[in-house]
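Undergrad: Dropping the sequence and predicted coords here.
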Amino acid sequence: MSQVIVGFPTTLTYYLHYPMWKVFFSELGCKVETSPMTNKKILDEGVKETVTDACVPIKLYHGHAVALKDKVDYLFIPRMVNVDSDKNITFCPKFLGLPDMIKASIPNLPKIISPSLDRKSGHYYLYKACREIGRQLEKPASLIFRAYRRAVSIQKKFEKIMVQNKLNPVEGIDYLFNSGSCSERPDADLNIAVLGYPYQIYDPYISANLMSWLENHKVRTWTMEMVDYSQLQKYSGKLKKKLFWHFSNKVVWACYHYLDQPHIDGIIHVTAFSCGPDAMVDKLVELECKQRNFPFLSLMIDEQTGEGGVTTRLEAFTDMIRYRREQQG
Amino acid sequence: MKISFPRMGNSYIGFKHLCEGLGFEVVVPPSLTQKTITYGARYSPEFACMPFKVLTGTYVEVLEKGADVIISSGGIGPCRAGFYGVLHEKILKDIGYDFKFIVVDPPMANLKDFYNNVLFLKPRNLKWGSFLKKVRTAWKMLTALDGLDMLVAQRRAYELKKGDTQKAFETAVSYIDSAETYKEVVEAETEGRKLIERVPCDETRKPLRVGIVGEIYVVIEPFMNMDIERRLGEMGVITHRSIYVTTYVRHTIWDRKAEDYIKDAARPYLKQMVGGHGINSVGETVLYGKDNYDGVVQLAPFTCIPEIVARSILPKVSRDYDIPVLTLHIDEQTGETGVQTRLEAFLDLLREKQKVLGECS
């Protein structure tokens, strides 16, 4: 029997859980096939398959699913429900309904693996999800358990190296599976916190090469993955009510965190066109920065993102910060 | 202290009577106009959903009229509506208004907060017994208003002279508005119902039946949906919806299993609660399909997350149950003519379908 191929779209949870699932499926004896990095074709396919008013990341996900569907035996679409200790923090409704949306909108799909990751279902929620997948693939229980153990340990390592070495998820995944080392960072005279969802800021196509532009222009970027989650949670009481979405909370808390760090010179919030939670997050971050008189740029990315528009705004923003620094002596 | 609250259909009548009965001065939220929307769009984030913007606009209007306490509802997510309160307060204070903002969350989310909010509303010298009595009267008023709404949605399609039912409905609402005690509310309701039932009708008609699903605010507030129920009714259609202010409150607070049958109906298509009324839109469409309704109209505010999820699933439901679904997105620019044209086209399609099916059988 040939090896079973499981498709993993290179977006959304890729940046959060890829190492874990990669190891898990490999241990089960499956091959993990990722879609290519976002490109024009994927975006166009996504736009075609998705309802018009969905946000860009969801359209991209549809595009990635289309890119994978004919190459794989199974398509892996985890249903992210709750991964926080706080039971009320879930994910954007579009994440919650994602497997159902994909099933309803894309024709001729391969079989779908969509376990629910729901911490509310008990302490061993992750094992339950793994067991469900293992059973669907008809693997023996002992193998599933061993794969689960390896998957969890690599995930912990992944999260640790990102915090320790100040890596972003893309570098972290590269560190784990390819290089085993991290590259030297170029010199920088500015430190800017780039806040936003990992599937937007680390996707070079949709973010118009935002991160590398900054690195190439003597800016050191700081993101929310570089801060330990427990460190972020200290800021959870800042708002009267926590936000309901995992990633959005991280963005808001990371904003408070970086505002308290003296070495940070400015904050960029990257948000996607028609992102629901971000309508709230962006305003919160904006008001907070306004109150503290802190340099802030809100950068919206959409299906049309051209590099020109983004770089002009980044140039203006970094110039403004450098000018301000000169003025203050 | 001047109290105010958001406007949603005719429910303001019940809330007004409750607050006045408790001895507060009330700033009645003005009926929604283009001005409300302009204010809302100016101060809200661009991609906030339509209800958020309309509420921002309403709050600005009532604050301008001198309100210094605003009461609103909360929620537990993952729909954005549960977070409205926090952001509205920040935005309005940033504009420079000084006021107290009370967000009433469901009691099971935070019992202490709920109790404190009740204590704030209950005047010290008022006995608990009479406080509860006043709440009961207001609740009766709200159910009576919803009952009238349900009745006219059934009756409009039969009226002989277009607009008569609406006139009778408005008079009936004014009866309820002028009632004071529980007994008077009951009497007003009975009188109102009689008035509506007495409108001359042609009972031989066989009207189309259309279900209305979607996000609660745009479904309930006629200004948001271009008065779709009346519009359809006067085009000879019986409409049905399951979202009303009182059913919503009942189903979120004490009768929490009441909507399980809708969720069960949605399960083959959507397994997960997605907040708001997303799962209801899917489940209700399935049920309307099973019930042989002629069509379904989905009302969704622009960028509403749960309704986008529902919308991408509805075409599949529509195919499986052979029930046409029309999705209307509501935003700042929604114009009356656009809605009217689309509804007319939709109804033509439904009538044609009915005719073809009739010939076949």
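TA: Received it, and whenever you're ready, just let me know what you need.
Undergrad: can you list the domains in chain B?
TA: Domain segmentation of chain B under automatic domain parsing yields B:2-126, B:131-203, B:207-361.
Undergrad: need those in JSON lines with mean pLDDT, mean neighbour count and distance to chain A, can you?
TA: (Each C-beta comes from the backbone N, C-alpha and C, glycine too.) As requested, the domains of chain B are exported to JSON lines (pLDDT from 0 to 100; neighbours: other Cβ atoms under 10 Å in any protein chain shown; distance: least, Cβ to the nearest Cβ, whole Å):
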{"stretch": "domain B:2-126", "mean pLDDT": "92", "mean neighbour count": "19", "distance to chain A": "3"}
{"stretch": "domain B:131-203", "mean pLDDT": "95", "mean neighbour count": "18", "distance to chain A": "25"}
{"stretch": "domain B:207-361", "mean pLDDT": "92", "mean neighbour count": "20", "distance to chain A": "4"}
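Undergrad: So which bits of stretch A:60-76 are buried?
TA: A:60-69, A:72-76 (16 or more other Cβ atoms under 10 Å in any protein chain shown).
Undergrad: mind listing which of these are in strands?
TA: Within those, residues falling in strands by DSSP state E are A:Tyr74, A:Leu75, A:Phe76.
Undergrad: Please, where are all the helices along the stretch 201-350 of chain B?
TA: B:216-220, B:228-234, B:245-253, B:260-266, B:278-290, B:305-321, B:336-360 (DSSP state H, counting those that start in this stretch).
Undergrad: so which helix or strand takes in B:Leu145?
TA: helix B:128-155 (DSSP states H and E).
Undergrad: same thing with A:Tyr323?
TA: A:Tyr323 belongs to helix A:307-327 when assigned by DSSP H and E.
Undergrad: what residues does that helix touch?
TA: A:189-190, A:192, A:207-210, A:213-214, A:217, A:219, A:265-266, A:268, A:295, A:297, A:299, A:301 (Cβ atoms under 8 Å, 6 or more residues apart in numbering or on different chains).
Undergrad: send the alpha carbons of it over as PDB?
TA: C-alpha atoms of helix A:307-327 as PDB (Å, rounded to 0.1, in the frame of the first residue of the first chain):
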ATOM      1  CA  GLU A 307       4.100  46.600  -2.700                       C
ATOM      2  CA  GLY A 308       4.200  50.300  -3.600                       C
ATOM      3  CA  GLY A 309       1.300  51.200  -1.400                       C
ATOM      4  CA  VAL A 310       2.800  49.400   1.600                       C
ATOM      5  CA  THR A 311       6.300  50.500   1.200                       C
ATOM      6  CA  THR A 312       5.400  54.200   0.900                       C
ATOM      7  CA  ARG A 313       3.500  54.000   4.100                       C
ATOM      8  CA  LEU A 314       6.300  52.100   5.900                       C
ATOM      9  CA  GLU A 315       8.900  54.600   4.600                       C
ATOM     10  CA  ALA A 316       6.800  57.500   5.900                       C
ATOM     11  CA  PHE A 317       6.300  55.800   9.200                       C
ATOM     12  CA  THR A 318       9.900  55.000   9.800                       C
ATOM     13  CA  ASP A 319      11.000  58.400   8.700                       C
ATOM     14  CA  MET A 320       8.600  60.000  11.100                       C
ATOM     15  CA  ILE A 321      10.000  58.000  14.000                       C
ATOM     16  CA  ARG A 322      13.600  58.800  13.100                       C
ATOM     17  CA  TYR A 323      12.700  62.400  12.700                       C
ATOM     18  CA  ARG A 324      10.900  62.500  16.000                       C
ATOM     19  CA  ARG A 325      14.000  60.900  17.700                       C
ATOM     20  CA  GLU A 326      16.200  63.600  16.200                       C
ATOM     21  CA  GLN A 327      13.900  66.300  17.500                       C
END
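Undergrad: What residues sit buried inside that helix?
TA: A:Val310, A:Leu314, A:Phe317, A:Thr318, A:Ile321.
Undergrad: can these go into CSV with extra columns for pLDDT?
TA: Below are these laid out as CSV (pLDDT from 0 to 100):
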residue, pLDDT
A:Val310, 89
A:Leu314, 94
A:Phe317, 96
A:Thr318, 95
A:Ile321, 94
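Undergrad: on that earlier part again, among the contacts of helix A:307-327, which lie within helices?
TA: A:Leu210, A:Trp213, A:Leu214 (DSSP state H).
Undergrad: ok, the residue sitting nearest the centre point of chain B - contacts?
TA: Chain B has B:Ile220 as the residue nearest its centroid, 2.0 Å off, counting by Cα atoms, centre = their mean. Applying Cβ under 8 Å, 6+ apart, we find B:Ile220 in contact with B:Met8, B:Gly9, B:Ser11, B:Ile243, B:Tyr244, B:Val245.
Undergrad: list the contacts for the third one?
TA: With contacts defined as Cβ under 8 Å, 6+ apart, the neighbours of B:Ser11 are B:Leu142, B:Leu145, B:Ile220, B:Val245.
Undergrad: Which of the contacts of helix A:307-327 are buried, as a ChimeraX select command?
TA: In ChimeraX syntax, the buried subset of the contacts of helix A:307-327 is picked out as below (16+ other Cβ under 10 Å):
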select /A:190,192,207,208,210,213,214,219,265,266,268,295,297,299,301
